[in-house]
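1. sequence? don't have it. structure:
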């Protein structure tokens, strides 16, 4: 692990953009009422692999300043679990597959990879993985609700009726946040309409939003949706080749607003429209009995990007609970990577969305989005991760680390923290690692600028670390949570401490894996298993930092998959 000075400072860029405004659609209420004991997991099973949609524009030329070789930093020391940390097993594949009661019994697909949503606050921890959700006690880790199917939670049609063969709503990519200012939990998920006979997309798509009516997530939630079809119908703009899908919704909060960022893909032709940004009033969204907020929408993919690329994966920032009033008011920040062709890069973008106080009005089109580029350490497309050979005749599978898009971003004590998967080393030492960045943003006359305050790598000798998420408290202390595996380590949950300078402690394994990942996605072909596309880390009101990440924490499984999650609380 290493701290490296700024390599290059690139100029600040400003621009104007069109903001479209459309309606938020109310869609009822729901709760965990009716969720009972899960099915036994026996009987027929049906796999569904979540598509890794390729946003790369691989035919574009590289920038003149692009790096020519991957980084090779020193390796971190691996230490045993520190006693005193609370840790418990979260949702696993068996839970997700067997969730659902009543009309939803035995209607869940077997899904890989395990997309992770986790948030904590007000004494509760909420975890949703793929299409299942559960609430835990934040003091003991004890479950407070049964596992519930997300389609059941949102009052949607069941995923798959195994008697009739009919398909229900496609849902994917959950995300969760707790906001101490409104004392509300927020949950989002991608939704798309499908042909009930074939399961093929039919055009309409949305981001579903659930908001608790109080600070208790075991109670009632209000449901809303944002139309992301963007084909000119339903008040949406007409984007190229739509109807479209808003893939992997990412969410963030500031003092004024709730923000959703998607990567937009046409459903019926190949293409990529870039990031779509949706902003709406947090206060109005949290007040289920008042005026509904309007949705302000910016097509970030239309904004010129370096090298002729198309902007992708703008990660909205989240502040720790009970954060003091920010020095920069009415602004939401984002970070994004610039590896447009899936090789190597040494730049990131810092974004600001300003005038967010107008989101509570009937016409929030005055918001303004600007960005600046920063030179950074080298990062690039990571290799697949390794794991040991399993028992019996297990065919060793590699674990997919996907790519180097920006992962979760937190804004604490005036600084932004973010990280990406990256390749580390060369030749026989090549491995998957993490590059992280600490950025100090500022805004003047609605234009963002930024300074790189710290950066570094998480690297482990002859091991792979991947899918980082950073959680930081109001004192600027926190951790990077991630998965770790290697020839001598089954997929495990691990973390490293981090502070405002970028300094970090050793690699700590919070839950050692008990076996190899051997799900259906890696059972044939190149024998590469899909893994969680992201993890989650957040501070609580006491300054503890929690993280939830994928590992193999138990032997509980179904025939088709054995992934699981582990939740850890750390006092940094």
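-> Good, I have the coordinates. This structure is a prediction, so every number in the text was calculated from the model and none was measured.
2. low pLDDT regions in the stretch 1-150 of the chain?
-> Scanning the stretch 1-150 of the chain for pLDDT under 70 picks out the ranges 1-16, 35-43, 51-52, 54-66, 68-69, 82-84.
3. let me fix that: the chain
-> Using pLDDT under 70, the chain drops low at 1-16, 35-43, 51-52, 54-66, 68-69, 82-84, 390-395.
4. where do the helices sit along it?
-> Secondary structure of the chain (DSSP state H): helices located at 93-98, 150-153, 282-286.
5. could you dump those into CSV and include mean neighbour count?
-> (Each C-beta comes from the backbone N, C-alpha and C, glycine too.) Below are the helices of the chain laid out as CSV (neighbours: other Cβ atoms under 10 Å):
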stretch, mean neighbour count
helix 93-98, 25
helix 150-153, 27
helix 282-286, 21
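6. adding distance to residue 110, write those out as CSV.
-> Shown next, in CSV, are these (distance: least, Cβ to Cβ, whole Å):
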stretch, distance to residue 110
helix 93-98, 5
helix 150-153, 15
helix 282-286, 34
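7. centroid-nearest residue for this protein?
-> residue 534 (4.9 Å; Cα atoms, centre = their mean).
8. for that residue, which residues are in contact?
-> 115-116, 407-408, 467, 469 (Cβ atoms under 8 Å, 6 or more residues apart in numbering).
9. nearest to residue 526, out of the helices of the chain?
-> With distances scored as Cβ to Cβ, the stretch of the helices of the chain nearest to residue 526 is helix 93-98 (21.2 Å).
10. which strands or helices does the closest one pack on?
-> strand 110-112, strand 132-137 (3 or more Cβ pairs under 8 Å, 6 or more residues apart in numbering; DSSP states H and E).
11. what does it rub up against?
-> So helix 93-98 is contacted by 38-41, 45, 106, 108-112, 114, 129-132, 134, 147, 519, 556-558, 560-564 (Cβ under 8 Å, 6+ apart).
12. how does it look with 7 Å?
-> Helix 93-98 is contacted from outside by 38-39, 41, 108, 110-111, 114, 129-132, 147, 556-558, 561-564, using Cβ atoms under 7 Å, 6 or more residues apart in numbering.
13. and that helix, how far out from the chain middle?
-> Put simply, helix 93-98 sits 20 Å off its chain's centre (Cα atoms, centre = their mean, to the nearest Å).
14. near the nearest residue to residue 199 once chain neighbours are set aside, how many residues? Count them for me, please.
-> The shortest distance from residue 199 to any non-neighbouring residue, by Cβ to Cβ, 6 or more residues apart in numbering, is to residue 167 (4.0 Å). Applying other Cβ atoms under 10 Å, we find 20 residues neighbouring residue 167.
15. correct me, but residue 167 touches residue 160?
-> Yes. Using Cβ atoms under 7 Å as the test, residue 167 is close enough to residue 160 to be in contact (5.8 Å).
16. out of the helices of the chain, the one nearest residue 475 is which?
-> helix 282-286 (24.1 Å).
17. who are the packing partners of the closest one?
-> Applying 3 or more Cβ pairs under 7 Å, 6 or more residues apart in numbering; DSSP states H and E, one finds that helix 282-286 contacts strand 257-266.
18. partner strands of the strand it packs on, with direction?
-> If you go by DSSP bridges, strand 257-266 pairs up with strand 244-253 (antiparallel), strand 274-281 (antiparallel).
19. dump the ones you listed to CSV, plus mean neighbour count and distance to residue 183.
-> Output for the strands paired with strand 257-266, formatted as CSV (neighbours: other Cβ atoms under 10 Å; distance: least, Cβ to Cβ, whole Å):
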stretch, mean neighbour count, distance to residue 183
strand 244-253, 25, 13
strand 274-281, 26, 16
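20. thinking again about what came up before, separation between the residue nearest to residue 199 and residue 109?
-> Note on residue 167: its distance to residue 109, by Cβ to Cβ, to the nearest Å, is 10 Å.
21. who touches both of those two?
-> Applying Cβ under 7 Å, 6+ apart, one finds that residue 167 and residue 109 are jointly contacted by residue 160.
22. now do the same contact list for the nearest residue to residue 71 once chain neighbours are set aside.
-> Excluding the flanking residues, the one nearest residue 71 by Cβ to Cβ, 6+ apart is residue 378, at 4.8 Å. By Cβ under 7 Å, 6+ apart, the contact list for residue 378 reads 67, 70-71, 344, 346.
23. and if you look at residue 425?
-> So residue 425 contacts 70, 72, 431 (Cβ under 7 Å, 6+ apart).
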